[in-house]
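A.B. asks: Would you be able to build a 3D model of this:
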Amino acid sequence: MENAHVSDHGPSGPSAGEKFGAAFIVISGFVALLIAIVLFHSPESIFGMVLGGVLAIPIITSITVFFHRGLTHQAVKFNDWVQTIGVLVAFAAWQGKWKKWVATHRKHHHFSDRPGDPHSPHLEGNGFLGMCRGLVHAHFGWLFTEKKPDYEHYIPDLLKNKRLVALDKWFLPVAIFSLILPGIIEFVFIPTFKGFQMGVLWGGFVRMFFVHHLTWSVNSICHFWGTRPFRSNDESVNNFIFGIFGFGEGWHRNHHAFRTSARIGLRWWEIDIGWYVIYVLKLLGLATE
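C.D. replies: Numbers count the residues shown, from 1 in each chain. The predicted model follows:
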């Protein structure tokens, strides 16, 4: 069964449209950051930066809580309308439709750091150059080489949910709106065209840049530098920095050792904001199992 799916990426890799999308999210965020730094000398810029930070919180939360712990690992079940809202908010991260996100991550666990893993940093050769190639591949290079996984193989359980399947058609409208919305919000408080621009720049594109690199660092850095307190048949590690700023995702060794646990930060000092959100939803009767 494993061998039949090691080569999902195939010789052709992703389509031209998928490569264009990958190039857009990688390049646009970086360019936006450079422009934002150059233009950082006004109240509009400061407001936009703060707005981007605030908007990043529910987006990162939705990725870890709904895409990862909920859909991918079935570690928690949500009320239907809560799940719907969570998935739609996660689309604002510009990490693609939930079907591809979940199937890719399940495939990652299936082959973790072995041939077939979509984004392992350990399969690009030995030595310093091999390490550099591996880290780049795991961080974002795989977006340009990895074809979408076999949905029927990796997410057959979720494909039966018509409500969830229907949500994917909203990915692009929600993602685009997530870049414009910060501009609208800032325009309400600073009703100038520059206010709108800085809202879109900081709250949209720069926010997208930081959320992407935070998530990608779990694929790359959290399979390289950190601690390994539990047994797991891969190179995953716990990384303190990304444990905190990744809302719990950086306690990656814990996750690979106990992948169906809704709680990833297992020790009292391992801050896990994703788990705190789930616990509150549980107290409100909106999350079970």
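
A.B. asks: Could you list the low-confidence segments of the protein?
C.D. replies: 1-12 (pLDDT under 70).

A.B. asks: The longest helix along it: which residues count as buried?
C.D. replies: As assigned by DSSP state H, the longest helix anywhere in the chain is helix 16-38. Using 16 or more other Cβ atoms under 10 Å as the burial criterion, the residues of helix 16-38 that qualify are 18, 21, 22, 25, 26, 28, 29, 32, 33, 36. (Glycine included, C-beta is placed from N, CA and C.)

A.B. asks: same check, this time on stretch 225-236
C.D. replies: By neighbour count with 16+ other Cβ under 10 Å, stretch 225-236 contains the buried residues 226, 232, 234, 235, 236.

A.B. asks: How much space separates the fourth one from residue 145?
C.D. replies: When you say that, I think you mean residue 235. Distance, residue 235 to residue 145, using Cβ to Cβ, to the nearest Å: 20 Å.

A.B. asks: who touches the most centrally placed residue in the chain in this structure?
C.D. replies: By Cα atoms, centre = their mean, the mean C-alpha position of the chain lies nearest to residue 215, the distance being 4.4 Å. Counting by Cβ atoms under 8 Å, 6 or more residues apart in numbering, residue 215 touches 63, 93, 95, 246, 249.

A.B. asks: Next: residue 125.
C.D. replies: 133, 134.

A.B. asks: So it, which state does it fall into?
C.D. replies: When classified by DSSP: H, G, I helix; E, B strand; the rest coil, residue 125 comes out as coil.

A.B. asks: Quickly note the distance from it to residue 157.
C.D. replies: Relative to residue 157, residue 125 is positioned 36 Å away (Cβ to Cβ).

A.B. asks: What count of nearby residues applies to residue 136?
C.D. replies: By other Cβ atoms under 10 Å, 14 other residues sit near residue 136.

A.B. asks: now it: how far from residue 124?
C.D. replies: Taken as Cβ to Cβ, the span from residue 136 to residue 124 is 8 Å.

A.B. asks: do residue 27 as well
C.D. replies: According to Cβ to Cβ, residue 27 and residue 124 sit 22 Å apart.

A.B. asks: and stretch 166-173, how far from the chain's centre?
C.D. replies: Offset of stretch 166-173 from its chain centre (Cα atoms, centre = their mean, to the nearest Å): 17 Å.

A.B. asks: Appreciated, that's everything.
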